[in-house]
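S.K.: sequence unknown, structure follows:
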């Protein structure tokens, strides 16, 4: 199947926000190919280690939060009246 890998990577990075812990670590319950692409893009550190989590780079941590809010953030409350 053909698909836009960059869009998949963007969504995967956004979802890593849900499992952030210890500052910049997230559980790596993602497809290995996606994690490898995020690593190649400089957004996470080596995903092939034996740890159950990955460390996000400074850029990855910022982008992770931004993408989560962009795709899953609640809209601002409507003004009364």
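M.R.: Nice, I can see it. Computed from a prediction, not measured in an experiment: that's the story for all the values here.

S.K.: low-confidence stretches in the chain?
M.R.: Low-confidence segments of the chain (pLDDT under 70): 75-76, 79-81.

S.K.: counting contacts, what elements does the biggest helix by length in it pack onto?
M.R.: The longest helix of the chain (DSSP state H) is helix 58-72. Helix 58-72 sits against helix 5-16, with contacts defined as 3 or more Cβ pairs under 8 Å, 6 or more residues apart in numbering; DSSP states H and E. (Glycine included, C-beta is placed from N, CA and C.)

S.K.: what's the end-to-end length of stretch 68-77?
M.R.: Its start and end residues considered, stretch 68-77 measures 18 Å (Cα to Cα, to the nearest Å).

S.K.: how about stretch 36-56?
M.R.: By Cα to Cα, one end of stretch 36-56 lies 13 Å from the other end.

S.K.: what sits up against that stretch?
M.R.: With contact meaning Cβ atoms under 8 Å, 6 or more residues apart in numbering, stretch 36-56 is reached by 5, 9, 12-13, 16, 19-21, 24-28, 32, 35, 57, 59-60, 63-64.

S.K.: next, residue 77: secondary structure please.
M.R.: Following DSSP: H, G, I helix; E, B strand; the rest coil, the label given to residue 77 is coil.

S.K.: residues in contact with the residue positioned nearest the centre of the chain?
M.R.: Nearest to the geometric centre of the chain sits residue 13, at 1.7 Å (Cα atoms, centre = their mean). By Cβ under 8 Å, 6+ apart, the contact list for residue 13 reads 38, 43, 60, 63-64, 67.

S.K.: what do you get for residue 58?
M.R.: residue 24.

S.K.: cutoff 6 Å now
M.R.: Not one residue lies near residue 58 by Cβ atoms under 6 Å, 6 or more residues apart in numbering.

S.K.: got the end-to-end distance for stretch 21-35?
M.R.: End to end - Cα to Cα - stretch 21-35 spans 17 Å.
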